[in-house]
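Engineer: I'll drop the sequence and a predicted model, then ask my questions.
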Amino acid sequence: MSRSPGHLDQATHGASRARGPRYNDARLLQVATILAVFGVWEAVARLGWVDPLFVAPPSAVVRALGAIGPAALSALADTLGKTALAYGLAVAIGVPLGLLVGSVRLVHDVVHPFVVALYGTPKILVLPWIVLVLGFGTAPAVFYGAIHGLFPIMILVIGGVRDVDRAMITVARAYGARPWQIYWKVILPACVPSVVASLRLGLVFSLLGVLIVETFAGVRGMGYLMSAYANGFQAAHLFAATALVSAASIAIVLALDRLNERLSHWRG
């Protein structure tokens with residue numbers, strides 16, 4: 001006998017309450033672990049077991065964060081702006097191409113080996129050519145970041161499309177679904193997890209590409225700032241700048257996780 005929506009809501013609510021204590025315990029354990037790591041780090045640095053020239057204690061990193069605040073936030077905004085452009089290009093190109101290559105067998109057989117080969121090629125090899133052609137500034141950082149993010153996105157989207165249950169597509173065709181309806185009603189909902197995973201990975205790779213150009217090509221941004229701190233042996237400032245970049249990246253990835261949760265009802 002089927003259950004009414006009210007019974008289902010009560011069951012869901014009861015399951016959520018049952019998971020509550022375990023969830024809270026996990027959060028407390030995570031916080032305690034982080035505090036323990038910082039405590040050990042501070043103690044090791046204070047006791048002189050590591051060279052403070054290379055490893056600054058967390059207390060020094062916090063003070064450095066306050067000292068570099070305005071300059072670091074300006075550089076971070078510059079880096080994130082270039083990353084947004086690079087990431088937008090990678091998504092706009094990578095997702096449609098991934099859907100095309102993954103869904104058309106002939107295109108997949110011809111193109112996929114080249115995609116895999118290019119994905120496995122170290123992108124740092126083309127950086128000097130990009131700088132040579134595009135010069136110094138925003139353009140090489142955006143272009144290189146887009147290349148870095150493009151291939152992970154394509155690989156994951158292609159895999160997600162290829163993993164769609166072919167029986168679902170056959171049934172949709174049997175009921176007279178048109179190609180665009182098959183894409184919208186069957187393929188896209190089924191490969192949402194792969195697409196969102198590709199978006200998370202593509203973001204990290206795009207940010208990495210932009211930071212690489214800023215670091216090695218002397219382009220303004222967080223990469224350039226971190227390189228300057230490293231060359232000046234300013235460990236606390238370097239750790240503080242690294243923490244800012246990491247926090248921004250984690251926040252954006254968590255936002256994409258929330259997007260995945262919102263799209264979960266679409267894929268069923």
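Structural biologist: Alright, I've got the coordinates.

Engineer: phi, psi for Phe175 please.
Structural biologist: One correction, residue 175 is Tyr, not Phe. Dihedral pair for Tyr175: phi -90, psi 10, per degrees, to the nearest 10.

Engineer: what's the burial count for it?
Structural biologist: 8 (other CB atoms under 10 Å). Every residue, glycine included, has its C-beta placed from N, CA and C.

Engineer: now swap in Leu127 and tell me
Structural biologist: By other CB under 10 Å, the residues close to Leu127 number 18.

Engineer: what sits against it?
Structural biologist: Pro140, Tyr144, Ile212, Val213, Phe216, Ala217 (CB atoms under 8 Å, 6 or more residues apart in numbering).

Engineer: could I get those residues as a markdown table with pLDDT and neighbour count?
Structural biologist: Shown next, in a markdown table, are those (pLDDT from 0 to 100; neighbours: other CB atoms under 10 Å):
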| residue | pLDDT | neighbour count |
| --- | --- | --- |
| Pro140 | 91 | 24 |
| Tyr144 | 94 | 28 |
| Ile212 | 92 | 19 |
| Val213 | 92 | 30 |
| Phe216 | 84 | 15 |
| Ala217 | 80 | 20 |
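
Engineer: what about whichever helix in the chain runs longest, distance to the chain center?
Structural biologist: Assignment by DSSP state H gives helix 58-103 as the longest helix of the chain. On the basis of CA atoms, centre = their mean, to the nearest Å, helix 58-103 sits 9 Å off its chain's mean C-alpha point.

Engineer: for that helix, packing partners?
Structural biologist: helix 5-46, helix 105-120, helix 138-162, helix 192-216, helix 222-231, helix 235-267 (3 or more CB pairs under 8 Å, 6 or more residues apart in numbering; DSSP states H and E).

Engineer: return the most buried member of the ones you listed.
Structural biologist: Of all the helices and strands packed on helix 58-103, helix 138-162 has the most neighbours on average by mean count of other CB atoms under 10 Å, namely a mean of 24.

Engineer: mind giving me the packing neighbours of it?
Structural biologist: Counting contacts by 3+ CB pairs under 8 Å, 6+ apart, helix 138-162 packs against helix 58-103, helix 105-120, helix 127-134, helix 192-216.

Engineer: for the first one, give the mean pLDDT please.
Structural biologist: On average, the pLDDT along helix 58-103 is 90.

Engineer: now do stretch 209-228: distance to the chain's middle.
Structural biologist: Put simply, stretch 209-228 sits 19 Å off its chain's centre (CA atoms, centre = their mean).

Engineer: what's the answer for stretch 119-131, then?
Structural biologist: Worked out by CA atoms, centre = their mean, stretch 119-131 lies 20 Å from the chain centre.

Engineer: what does stretch 136-151 give?
Structural biologist: Here stretch 136-151 is found 15 Å from its chain centre; the criterion is CA atoms, centre = their mean.

Engineer: ok, stretch 242-260 next?
Structural biologist: Relative to its chain's centre, stretch 242-260 lies at 8 Å (CA atoms, centre = their mean).

Engineer: over to stretch 229-247?
Structural biologist: For stretch 229-247, the distance to the chain centre is 21 Å (CA atoms, centre = their mean).

Engineer: okay, it in PDB with CA atoms only?
Structural biologist: This file holds the C-alpha atoms of stretch 229-247, laid out as PDB (Å, rounded to 0.1, in the frame of the first residue of the first chain):
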ATOM      1  CA  TYR A 229      56.500  37.300  -0.700                       C
ATOM      2  CA  ALA A 230      58.300  34.000  -1.400                       C
ATOM      3  CA  ASN A 231      61.200  35.800  -3.000                       C
ATOM      4  CA  GLY A 232      61.400  38.100   0.000                       C
ATOM      5  CA  PHE A 233      61.300  35.200   2.500                       C
ATOM      6  CA  GLN A 234      58.100  36.700   4.100                       C
ATOM      7  CA  ALA A 235      56.700  33.400   5.300                       C
ATOM      8  CA  ALA A 236      53.800  34.900   7.400                       C
ATOM      9  CA  HIS A 237      52.700  37.100   4.500                       C
ATOM     10  CA  LEU A 238      52.900  34.200   2.100                       C
ATOM     11  CA  PHE A 239      50.800  31.900   4.300                       C
ATOM     12  CA  ALA A 240      48.300  34.700   4.800                       C
ATOM     13  CA  ALA A 241      48.000  35.300   1.000                       C
ATOM     14  CA  THR A 242      47.700  31.600   0.400                       C
ATOM     15  CA  ALA A 243      44.900  31.400   3.000                       C
ATOM     16  CA  LEU A 244      42.900  34.100   1.300                       C
ATOM     17  CA  VAL A 245      43.100  32.300  -2.100                       C
ATOM     18  CA  SER A 246      42.200  29.000  -0.500                       C
ATOM     19  CA  ALA A 247      39.200  30.500   1.300                       C
END
